[in-house]
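1. This is a predicted model, with the sequence first.
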Amino acid sequence: MDGCVSMENKVTALKVQKRNPNRVNVYLDGDFAFGLSRIVAAWLHIGQVLDDQKIEELKAKDNGEVAYQKALLFIGHRPRSEAEVVKRLEKHGFEDEVIEAIMTRLRSQNLVGDLEFARLWVDNRSTFRPRGRRALSVELKQKGVSELDIQEALEGMQDEEVLAYRVAMKHAPRLKELEWFQFRQRLGARLARRGFNYDAIQPVVERVWAELQDENSLEYPEDHHNKEAENESN
């Protein structure tokens with residue numbers, strides 16, 4: 001014999017925690033021993049004998065279930081990149097082996113996936129806060145998404161000029177009193193900060209300027225009629 005003795009402990013009580021009904025307190029030989037997730041404790045019953053190895057297995061499974069539930073809670077608020085989920089689990093102190101197992105489980109259930117995440121990100125931005133390809137690429141890199149997934153996601157985005165025009169039309173009314181040079185400079189800088197490239201910015205700025213001038217010419221119809229009458233009388 002190697003001198004190692006495996007202790008056996010009898011389950012004497014299983015009590016649902018008052019503050020967290022999703023967890024169960026396990027009592028061995030009359031004393032509280034440890035807590036488990038209900039899903040892990042489901043197969044336990046009063047009178048069952050557990051050796052040290054089985055206890056460690058239960059604790060390991062519970063640790064994995066806790067990590068999984070924290071991951072579900074994290075991605076439940078909004079879509080997350082895989083790197084974001086890993087970082088959150090690391091922040092909670094889970095070991096690499098546990099994290100990798102959780103990520104594999106989430107992928108198999110289609111709950112995480114960087115390509116789908118990148119596509120959703122691009123679509124959401126295009127709908128609510130339009131950005132150019134350059135800005136979107138930077139944002140997704142910061143989320144830990146690979147270059148390959150980023151490029152594939154960007155292939156499905158709307159035309160940059162269309163998106164730039166939407167941004168410009170929202171901001172342009174504040175600039176309509178400016179002269180052309182200042183207007184072009186201010187609006188162009190705004191679009192550049194949103195990540196749009198020059199090929200999209202230039203025609204959009206010119207288009208919006210022209211549309212504002214047309215609007216201005218229609219704001220004072222009486223003045224125009226008066227000028228036309230004066231010209232005819234002369």
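-> Everything's here; your move.
2. hey, let's count contacts and neighbours off CA atoms from now on
-> OK.
3. ok, longest helix in the chain?
-> helix 52-77 (DSSP state H).
4. Next up, the contacts around residue 130.
-> Counting by Cα atoms under 8 Å, 6 or more residues apart in numbering, residue 130 touches 163, 164, 166, 167, 194.
5. at 7 Å instead, please
-> Taking Cα atoms under 7 Å, 6 or more residues apart in numbering as the criterion, residue 130 is in contact with 163, 167.
6. And what about it, helix, strand or coil?
-> Three-state call for residue 130 (DSSP: H, G, I helix; E, B strand; the rest coil): coil.
7. show me where the chain has strands.
-> 8-16, 23-28, 31-37, 49-51 (DSSP state E).
8. looking at those, which is buried most?
-> strand 23-28 (a mean of 20; mean count of other Cα atoms under 10 Å).
9. Strand 31-37 and that one, what's the angle between them?
-> If you take axes from the mean of the first three to the mean of the last three Cα atoms, to 10 degrees, strand 23-28 sits at 150 degrees to strand 31-37.
10. Just send the strands of the chain back as JSON lines, with mean pLDDT too.
-> Compiled in JSON lines, those are given as follows (pLDDT from 0 to 100):
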{"stretch": "strand 8-16", "mean pLDDT": "93"}
{"stretch": "strand 23-28", "mean pLDDT": "97"}
{"stretch": "strand 31-37", "mean pLDDT": "96"}
{"stretch": "strand 49-51", "mean pLDDT": "94"}
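11. Of those strands, which is nearest residue 144?
-> Residue 144 lies closest to strand 31-37 among these, at 31.2 Å (Cα to Cα).
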